[in-house]
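Peer 1: I need the structure of the sequence given here:
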Amino acid sequence: MRLNAYDSSKLYKQEMKAYHDKKLLKKSFQLGQQVLLFNSKLRLFLGKLKSKWSGPFTIKEVKPYGVGELMDPSSDDSKRSWVVNGQRLKLYHGGNIERITTILNLQDP
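Peer 2: Reported below is the predicted structural model:
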């Protein structure tokens with residue numbers, strides 16, 4: 001009975017892996033393209049109006065297996081770059097992004 005449960009569990013894991021791998025999209029990026037980066041660690045304000053995408057960033061280098069090296073064209077230090085997984089990127093098609101900052105002044109009661 002234990003051996004049957006082990007085989008059943010192994011078969012289930014293989015089927016679930018194949019199902020989830022089928023849902024992954026193959027993305028190919030070229031050098032110099034503008035992309036948006038998905039910020040999965042954004043937990044400051046939970047809500048529908050807060051955007052989870054930041055950017056646009058420029059692709060500096062494309063590495064194997066869908067990895068991209070990004071650089072921020074609006075920063076002062078143009079040599080600053082970082083490497084991210086290609087699944088966290090999507091192509092930026094243009095337009096202005098309005099970055100809104102809110103300042104809250106807190107006072108003691």
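Peer 1: Would you mind listing where this protein has pLDDT under the threshold?
Peer 2: 42-51, 76-78, 96-99 (pLDDT under 70).
Peer 1: From Lys41, how far out is the residue nearest the centre of the chain?
Peer 2: The centroid of the chain falls nearest to Arg88 when counting by C-alpha atoms, centre = their mean (2.2 Å). Distance, Arg88 to Lys41, using C-beta to C-beta, to the nearest Å: 11 Å. To be clear about C-beta, it is placed using only N, CA and C from the backbone, and glycine gets the same treatment.
Peer 1: residues in contact with the nearest residue to Leu25 once chain neighbours are set aside?
Peer 2: Distances taken as C-beta to C-beta, 6 or more residues apart in numbering put Gln87 closest to Leu25, at 7.8 Å, once the chain neighbours are dropped. Going by C-beta atoms under 8 Å, 6 or more residues apart in numbering, Gln87 touches 24-25, 27, 66.
Peer 1: ok, of the residues you listed, which come out buried?
Peer 2: Buried members of the contacts of Gln87, scored by 16 or more other C-beta atoms under 10 Å, are Gly66.
Peer 1: Pick the one among the contacts of Gln87 closest to Thr58.
Peer 2: Lys27 (16.1 Å; C-beta to C-beta).
Peer 1: Quick check: the nearest residue to that closest one once chain neighbours are set aside vs Ser54, distance?
Peer 2: Computed as C-beta to C-beta, 6+ apart, the closest residue to Lys27 that is not its neighbour in sequence is Gly86, at 5.2 Å. Note on Gly86: its distance to Ser54, by C-beta to C-beta, is 16 Å.
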